[in-house]
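Asks: predicted structure and sequence below. I'll ask about it afterward.
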Amino acid sequence: MEKDVYTPLSNLVREITIRTKQQADERLAELGLNAAQGRMIGYIYGHQEEGVIQKDLAEVFQRRGASISSMLRGLEEKGYIERIRPAGNERQKNLFVREKGVRLIDEFNANFLAVEESLKAGLTPQEVETLIALLTKVRNHLL
């Protein structure tokens, strides 16, 4: 039997990531959504002014058209998004986040800010600054 190879640093980063993701996934599940649908709503919201179409989502999320179509249908049925045909283009439907989806995004943003505050709660402002600088340096080294 192999022993875990996690170092203290990688273990801490992994645990923080897992716990943060679990909290988000639990809230999405309460709303009848999965993580991929949550990310999709966020992507549409962040790019809807540019005119997001189903093909864009297939490329960004690296999924087949049928899978994206099914996910969009679920989001549309639950009232989170809508598809609108632009004038003069009967074949294409642009995707937009409806008010219910905007409220979901606002809630998640507030939750993530709360999680970040809880991560910083036991640290001084200087320690927070140092932690951010160090994590940024690690990330940049990995790029």
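Replies: Thanks, I have it.

Asks: contact partners for residue 63?
Replies: 57, 71 (Cβ atoms under 8 Å, 6 or more residues apart in numbering). Placement of C-beta: from N, CA and C, glycine included.

Asks: pull the helix or strand with minimum mean pLDDT from this structure.
Replies: helix 8-30 (a mean of 85; mean pLDDT, DSSP states H and E).

Asks: mind listing what's buried along it?
Replies: Residues of helix 8-30 classed as buried: 20, 24, 28 (neighbour count, 16 or more other Cβ atoms under 10 Å).

Asks: take those residues and write them to TSV, including distance to residue 88.
Replies: Below are those laid out as TSV (distance: Cβ to Cβ, whole Å):
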residue	distance to residue 88
20	44
24	39
28	36
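
Asks: the least confident helix or strand of the chain: what's the following helix or strand?
Replies: Sequence order places helix 35-47 as the next helix or strand after helix 8-30, per DSSP states H and E.

Asks: which strands and helices lie in contact with the following helix or strand past that next one?
Replies: Beyond helix 35-47 on the C-terminal side, the first helix or strand identified by DSSP H and E is helix 54-61. Packed against helix 54-61 by the contact rule (3 or more Cβ pairs under 8 Å, 6 or more residues apart in numbering; DSSP states H and E) you find helix 35-47, helix 65-77.

Asks: center of the protein - which residue?
Replies: Against the mean C-alpha coordinate of the chain, by Cα atoms, centre = their mean, the closest residue is residue 39 at 3.7 Å.

Asks: I'd say that residue and residue 61 touch.
Replies: Yes - using Cβ atoms under 8 Å, residue 39 makes contact with residue 61 at a distance of 7.4 Å.

Asks: if we can go back for a sec, and the residue nearest to the centre of the chain, what is it in contact with?
Replies: Counting by Cβ under 8 Å, 6+ apart, residue 39 has contacts residue 61.
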